[in-house]
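Student: fold the following and give me the result.
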Amino acid sequence: MPEKLAARVGRHLAAAGMLIDDDPETAYQHTLAARARASRIAVVREAVGEAAYAAGHYAEALAELRAAKRMNGATAYLPIMADCHRALGNPAQSLKLAKSPSVANFQPEAKAEMTLVEAGARRDMGQLDAALRTLELAPLTSNSRAAWVVRLRYAYADTLEAAGRESDALAWFHRTHAIDSEQITDAAERAEVLEKRIG
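Tutor: From the prediction side, this is the model:
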C-alpha cells in the first residue's frame, strides 16, 4: 500500500479506536472510510466489524468479522460473532460457534466471553437449566477480581433469579459485589431488591 494511503487509513483506524467507547457510530464511520481505501486488509475489516458491533449494526459486524476471519484465520472474533447471531435472533447459530474446537484454546477472558454468549443463547431459547449448567462449568469461584469473573458471577446470579432460585441468586449477587471494585454491575442494588423481596 502506498505510504500516503497507509497513513490515511491509519488515521481513520486511530480515530475509530479513540471514539469506539464514547461514540461508536462515528467510530464505525471512520472504519468505513478506512475500508473504502483498504478493503483487502484483514485488520481493517476486523476494525469495521468491531466498530459495527459497538454501534449495534450486528449484520454488518458479522459480515466484516467473517471476512477478516477468512483473510487471517483468526478465531478471536468468535465470541463477538456468536453475540451478533444472538442479537439477530439466531441463538442456535450462537451455540454452534460456542462449540467450535478453537474455543478450548482460548485465554480465560475470551473463554468467559463465549460462556456468557452461550448462556445467553440458552436463555433466549427458554433453556434456563442449560444456561445455568453452562455458567456452572465456568470459573465462578476464581480468586481473580478481573472484569470477566465479575461478569460471569453476575450472569449466574441473574440466571438463578430468572429460574426462581432467589436465595441462591442473592448469595451470588453478594459474591459478585464483593469483587466488583469498578462497579461494572448493579449487583449491590439487585441484592438489596432481593433481600426486601425474600424478607
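Student: helices of the protein, start to end?
Tutor: For the chain, applying DSSP state H gives helices covering 3-19, 24-37, 42-54, 58-72, 78-87, 91-98, 108-124, 128-136, 147-162, 166-179, 187-198.
Student: and the closest residue to Ala147 other than its chain neighbours, how many residues sit next to it?
Tutor: Distances taken as CB to CB, 6 or more residues apart in numbering place Ile184 nearest to Ala147, at 5.9 Å, with adjacent residues excluded. The way it works is simple: take the backbone N, C-alpha and C, and place the C-beta from them, glycine included. Number of residues near Ile184 (other CB atoms under 10 Å) recorded here: 12.
Student: next one: Ser181
Tutor: Using other CB under 10 Å, the number of residues around Ser181 comes to 9.
Student: ok, now how distant is Gln107 from Glu113?
Tutor: 10 Å (CB to CB, to the nearest Å).
Student: those two: who's more crowded?
Tutor: Shown here are Gln107 and Glu113; by other CB under 10 Å, Glu113 has more neighbours (22 against 10).
Student: what about the closest residue to that one other than its chain neighbours, how many neighbours?
Tutor: Of all residues not flanking Glu113 in the chain, Pro79 sits nearest, at 3.9 Å (CB to CB, 6+ apart). Counted with other CB under 10 Å, residues neighbouring Pro79 total 24.
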